[in-house]
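Undergrad: here is a sequence with its predicted model. Questions after.
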Amino acid sequence: AQSVTQLGSHVSVSEGALVLLRCNYSSSVPPYLFWYVQYPNQGLQLLLKYTSAATLVKGINGFEAEFKKSETSFHLTKPSAHMSDAAEYFCAVSSVEYGNKLVFGAGTILRVKS
Amino acid sequence: NAGVTQTPKFQVLKTGQSMTLQCAQDMNHEYMSWYRQDPGMGLRLIHYSVGAGITDQGEVPNGYNVSRSTTEDFPLRLLSAAPSQTSVYFCASSLSGPMNTEAFFGQGTRLTVV
C-alpha cells in the first residue's frame, strides 16, 4: 500500500481562492506528518509539521493542516491563494513503522491564476 | 550558515562513467540522506546515515554507494552511470532523524546520463 497518497498531481486555483491540497497516509502507529514546498529550481523547505501535539497545525505563509486520525488525512489549506504560492507541494510521513526514513508523496503542483 | 551545500549543480555523464555528488552541511546534524526526484514519483530515498561511520540503504539503493567519514560530509557515488539514473538528486540533513525534526535540503544536482 502507498505510504503517502496525494490526490491530484496538479491543482489550479484563482488568486484569492481557497487552496486545498489533499494528503492521506498509511501508518499503523502514530505518525509524524510534514508538508514541504518546492519552488522552481530549488530544494524543499518545511511548511509545517504534525508531531502529536495540536491536531490543527499552522505553518509559514498562511498555510495550515489538520490531522484527522479517523480519516488518515493531513490536508493542507490556505484561505486565500497568492501568486507566490505557485510551487510543488509534498506531503511526507515518518513513524516507528518506517524506521529512520521520511517517505514522500508524489507531489502536487499548485498553479495560481490571476 | 551555509546550510546544506551540494555540488555540482548540473552534470552530464556518459553511460558507464562514475562520479561523486558532494554534500556538506555545517549545522552539526547527525542525520543525512540522499533522495532522487523523478516526475510523478516524489522523492525516493537512496541512502541515509544516522551518524559518522553509519550508513544504510533506502528505497532505491542499487547503483549508488555512500560513506560518512565525518559528520559534515555525505558523498553519493554513482558506480557506473546508466540512463535510468537521470534525475535530480537532493541531499538533506536533520538534527536527529526524520521522525520529528525538520529536514534541510540542498539546492539539488541535476544529472543527465546519455
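TA: Good, I have the coordinates.
Undergrad: contact residues of chain A facing chain B?
TA: A:4, A:9, A:32, A:34, A:36, A:41-46, A:49, A:51, A:90, A:94-96, A:100-107 (C-beta under 8 Å from any C-beta of the partner chain). Using the backbone N, CA and C atoms, a C-beta is placed for each residue, glycine as well.
Undergrad: what is the neighbour count of residue B:61?
TA: 16 (other C-beta atoms under 10 Å in any protein chain shown).
Undergrad: meant to ask about residue A:111, not that
TA: 13.
Undergrad: do the same with the one 3 residues further on
TA: For residue A:114, the tally of surrounding residues (other C-beta under 10 Å) stands at 6.
Undergrad: before we move on, the earlier item: filter the residues of chain A next to chain B down to the ones in strands?
TA: A:4, A:32, A:34, A:36, A:44-46, A:49, A:90, A:94, A:103-104 (DSSP state E).
Undergrad: and those, which are buried?
TA: Among these, those classed as buried by 16 or more other C-beta atoms under 10 Å in any protein chain shown are A:4, A:32, A:34, A:36, A:44, A:46, A:49, A:90, A:94, A:103-104.
Undergrad: make CSV from those residues and add pLDDT to it.
TA: CSV is the format used below for these (pLDDT from 0 to 100):
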residue, pLDDT
A:4, 94
A:32, 92
A:34, 95
A:36, 97
A:44, 94
A:46, 95
A:49, 93
A:90, 96
A:94, 91
A:103, 92
A:104, 94
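Undergrad: look up how far residue A:111 lies from residue B:9.
TA: Here the criterion is C-beta to C-beta, to the nearest Å. By it, residue B:9 lies 26 Å from residue A:111.
Undergrad: go on, residue A:62?
TA: Where residue A:111 is concerned, residue A:62 sits at a distance of 18 Å (C-beta to C-beta).
Undergrad: so what's the residue count around the residue nearest to residue B:5 when sequence neighbours are not counted?
TA: Leaving aside its sequence neighbours, residue B:5 sits nearest to residue B:24 (C-beta to C-beta, 6 or more residues apart in numbering or on different chains; 5.0 Å). Using other C-beta under 10 Å, residue B:24 is surrounded by 19 other residues.
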